[in-house]
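[1] Return a 3D structure for these sequence lines:
(chains A and B)
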There are 2 protein chains.
Amino acid sequence: MVTVNEAADIIFANLHKPQKEAISIEEAVNRVLAESIFADRAFPPFDRVSMDGIAIRFSAWEDGARAFKIAFTQAAGEVQKKLESSEQCAEVMTGAMLPENTDTVIRYEDLQIEDGVAKITVDTLETGQNVHRQGIDCKSGEKLLEPGIQLSPAEIALLASVGKSTVDVYQMPKTAVISSGDELVAIDQTPGPQQIRRSNTYAIAAAMHPLQWKAQQFHFKDDQKELETSLKKVLQEHDVLILSGGVSKGKFDFIPEVFKTLGVKKLFHQVSQRPGKPFWFGVSPEGKTVFALPGNPVSTYMCFYRYIKPWIYKSMGVDFPKFNISLATDYFFKPPLTYFLQVAAKVENGKWVAYPEPGGGSGDFVNLKNVTGFVELPADRSEFKSGDVFSYYPFRYII
Amino acid sequence: MVTVNEAADIIFANLHKPQKEAISIEEAVNRVLAESIFADRAFPPFDRVSMDGIAIRFSAWEDGARAFKIAFTQAAGEVQKKLESSEQCAEVMTGAMLPENTDTVIRYEDLQIEDGVAKITVDTLETGQNVHRQGIDCKSGEKLLEPGIQLSPAEIALLASVGKSTVDVYQMPKTAVISSGDELVAIDQTPGPQQIRRSNTYAIAAAMHPLQWKAQQFHFKDDQKELETSLKKVLQEHDVLILSGGVSKGKFDFIPEVFKTLGVKKLFHQVSQRPGKPFWFGVSPEGKTVFALPGNPVSTYMCFYRYIKPWIYKSMGVDFPKFNISLATDYFFKPPLTYFLQVAAKVENGKWVAYPEPGGGSGDFVNLKNVTGFVELPADRSEFKSGDVFSYYPFRYII
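    Here you go, the predicted model:
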């Protein structure tokens, strides 16, 4: 038996080594960048008008000029024009190049325009106002993004701006999500009185969705010979196996033995945690990774968020965000195990506060609908006080 | 000009009325539920063994029995068996039906088994221990989920368990995301010195991704006649139009006029906010919704998160979560406008703390890569103190 921290250390010491793949930026949101991105030109690439109005030479204003004849209009997208006389001005549009021989933009709100002459109606101007200076946001050739960044819509916009219609991201590993347990029937079947429907593989596949990490789903019977044959094939065809069920102490819990036969090395079996104690983890000589989670739905679910999700992020070099949260009420948990306490998190005055919703144990997945994630209560204490801060693992979208 | 709150009120008073569609639960994560979900049976559906070990009658233990001959094994998925004598026990597996005439499960850790006899090695038992009682999580027929819930992996598991392989969710509106601006060229083009590449429509499409809300992207020239023809067609073929550009005071900002011609009623133009002041909003007589955002990338981006994202959630009846956060440092903003201050949010000791990263204005989208969202600083103040709490709009995934 290992502790939660030991289990996490072992898992994170055995990261997946992802390949790269080039994909369209229209498919790339939430994927993890696998190349450095450089500015192909300065941003802005030219002195850019940032307000609709007129452009003048500031020196003319300093010399006392307040009314300017409009010489021409400089629209966005037009080749740069030139103001020949500082007694004149150019009418300029947001996004346009600042005309040559001008340096300052006065917005329409501060003008009166009549008969082709713009009169300035304010008393103060600043030189260079309403001009977004070439290169002020970044220089040409500057590194904008590094590998290991999860691409948000902001980075997608950046990629578009520097001309990257396709981008290198890390390939997600070929993954199988496998349930076992002879009590389980397919969703569309009517279960007998002794049966229930399969749900774990659906939950895991859904939890993988934010990363666009796709999995093939399997279900195998609790039969050692059959498991050996089936898992051998699945192991050949996938990089990562996530199993649920078949790892506790029951007579038909063949999974650890089968993986031993298949040459997958056990790195731990059993973690001093509740739920999810029977968790088994191993790697094959070819570097394939096997997460064999307990079959109780809440155990499966929490082990995914506590171990597998950080593992895949870390495998791609993402600085995985750690959250913490205050307990809203006292909580008591006696067994000398790390306890994953289900909570409903609320934001109260800038504080994240966790309301315990422990539910009825690892089989009670109905309770999960009331919770937003879980907090990790350490094994070396049994009393947890309102206001104490603990690690928090959310599993609902909040953005 | 309206205030931010007035703009939001007007937008939220004009919600989209979504249709329903039935989709596979494998596609349903993050979609919004459009039907009530009921338990088709109790959960658990039977008295369920929750530990591997033996099942006995508690009365036998009370009568002094400590060793029990194993009469049979009850595996998960097997039809319920019956213990004929209370001097005997059944070997039982997690997930199995509790055998008839037993009520209490002792786990292997608390047993010594030899020659087909299980000896209990602990001094105390509780009646009913390690049994997950039928119906304790929910009753048959109980309502489990209501319309308006965004489906997390937990709800996907619930749907699977009650036999819903397909589920009714709200259909996302047919949406067009449109940029305009003659300075804009396609990503794969090399921009001239006066041009930049299009990025706004990519950013918006990416921001829509978490909801599996898909959009068709368009780009139109700053030509009034052409805009009229093109927008008329787009309006016919879509429910929602999200535009960027063409709404400020420039000579080629034709969008408001074109929508007037097309019969789309303006509900506001200009919001007292920075960035994004020129924001225009209208609805057509057929109930189509037009968000015409300013073209500066940061303005477009923030208006999406401040207005459009809550609007689509509210349209589907989702109780849209509101966040707030403490400022990490003092901040000063003088103009009498609501200011969307870019920040990098961090979680510190259970508190969400926002570090200002204001960037170089609404054209400086390079800055967005350093930030996680923005806080809304109200218009009626100019000094904002470290520790003050404000609404927070995140735009990066954190789960």
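
[2] Show me where the stretch 1-150 of chain A dips below the pLDDT cut-off.
    Along the stretch 1-150 of chain A, segments meeting pLDDT under 70 are nowhere present.

[3] just the strands in the stretch 51-200 of chain A please.
    The residue ranges that make up the strands of the stretch 51-200 of chain A, judged by DSSP state E, counting those that start in this stretch, are A:53-56, A:67-74, A:88-92, A:104-107, A:111-114, A:117-120, A:131-132, A:143-145, A:166-170, A:175-180, A:184-185, A:196-197.

[4] which other helices and strands contact the first one?
    So that's strand A:53-56. If you count contacts as 3 or more Cβ pairs under 8 Å, 6 or more residues apart in numbering or on different chains; DSSP states H and E, strand A:53-56 packs onto strand A:67-74, strand A:88-92, strand A:104-107. Quick note: C-beta positions are derived from backbone N, CA and C, even for glycine.

[5] Next up, the contacts around residue A:300.
    Applying Cβ atoms under 8 Å, 6 or more residues apart in numbering or on different chains, one finds that residue A:300 lies in contact with A:200, A:203, A:204, A:244, A:276, A:293, A:294.

[6] Tabulate the strands of the stretch 51-200 of chain A (a markdown table), appending distance to residue A:285 and mean neighbour count.
    Conversion of the strands of the stretch 51-200 of chain A to a markdown table gives the following (distance: least, Cβ to Cβ, whole Å; neighbours: other Cβ atoms under 10 Å in any protein chain shown):
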| stretch | distance to residue A:285 | mean neighbour count |
| --- | --- | --- |
| strand A:53-56 | 69 | 28 |
| strand A:67-74 | 67 | 18 |
| strand A:88-92 | 67 | 27 |
| strand A:104-107 | 67 | 22 |
| strand A:111-114 | 76 | 14 |
| strand A:117-120 | 77 | 17 |
| strand A:131-132 | 57 | 22 |
| strand A:143-145 | 36 | 16 |
| strand A:166-170 | 23 | 21 |
| strand A:175-180 | 18 | 25 |
| strand A:184-185 | 31 | 21 |
| strand A:196-197 | 36 | 24 |
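
[7] Select, out of the ones you listed, the one closest to residue B:237.
    In this view, those are compared for proximity to residue B:237 by Cβ to Cβ, and strand A:166-170 is the closest at 28.3 Å.

[8] could I get the closest one in CSV with only the CA atoms?
    This file holds the C-alpha atoms of strand A:166-170, laid out as CSV (Å, rounded to 0.1, in the frame of the first residue of the first chain):
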residue,chain,number,x,y,z
THR,A,166,-2.1,24.9,-38.7
VAL,A,167,-0.2,24.3,-35.5
ASP,A,168,1.8,21.6,-33.9
VAL,A,169,0.1,20.2,-30.8
TYR,A,170,0.8,17.1,-28.7
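
[9] Regarding the residue nearest to residue A:2 when sequence neighbours are not counted, what is its secondary structure?
    Here the nearest residue to residue A:2 in space, its sequence neighbours aside, is residue A:268; by Cβ to Cβ, 6 or more residues apart in numbering or on different chains that works out to 4.7 Å. Secondary structure assignment for residue A:268 (DSSP: H, G, I helix; E, B strand; the rest coil): strand.

[10] Tell me if I'm right that residue A:268 and residue A:9 touch.
    No: taking Cβ atoms under 8 Å as the contact criterion, residue A:268 and residue A:9 are not neighbours in contact, 10.1 Å apart.

[11] of those two, who's got more company?
    For residue A:268 versus residue A:9, neighbours defined as other Cβ atoms under 10 Å in any protein chain shown are more numerous around residue A:268 (16 against 12).

[12] What distance do you get for the more buried one to residue A:278?
    Computed as Cβ to Cβ, to the nearest Å, the residue A:268 to residue A:278 distance reads 11 Å.

[13] Over to residue A:189?
    From residue A:189 over to residue A:278 (counting by Cβ to Cβ), the distance is 27 Å.

[14] Same question for residue A:226.
    Using Cβ to Cβ, one obtains 21 Å as the distance from residue A:226 to residue A:278.

[15] Compare these two and say which is more crowded by neighbours.
    Neighbours around residue A:226 and residue A:278, counted as other Cβ under 10 Å, are more numerous at residue A:278. The numbers are 26 against 14.

[16] If anything else comes up later, I'll come back, but that's it for now.
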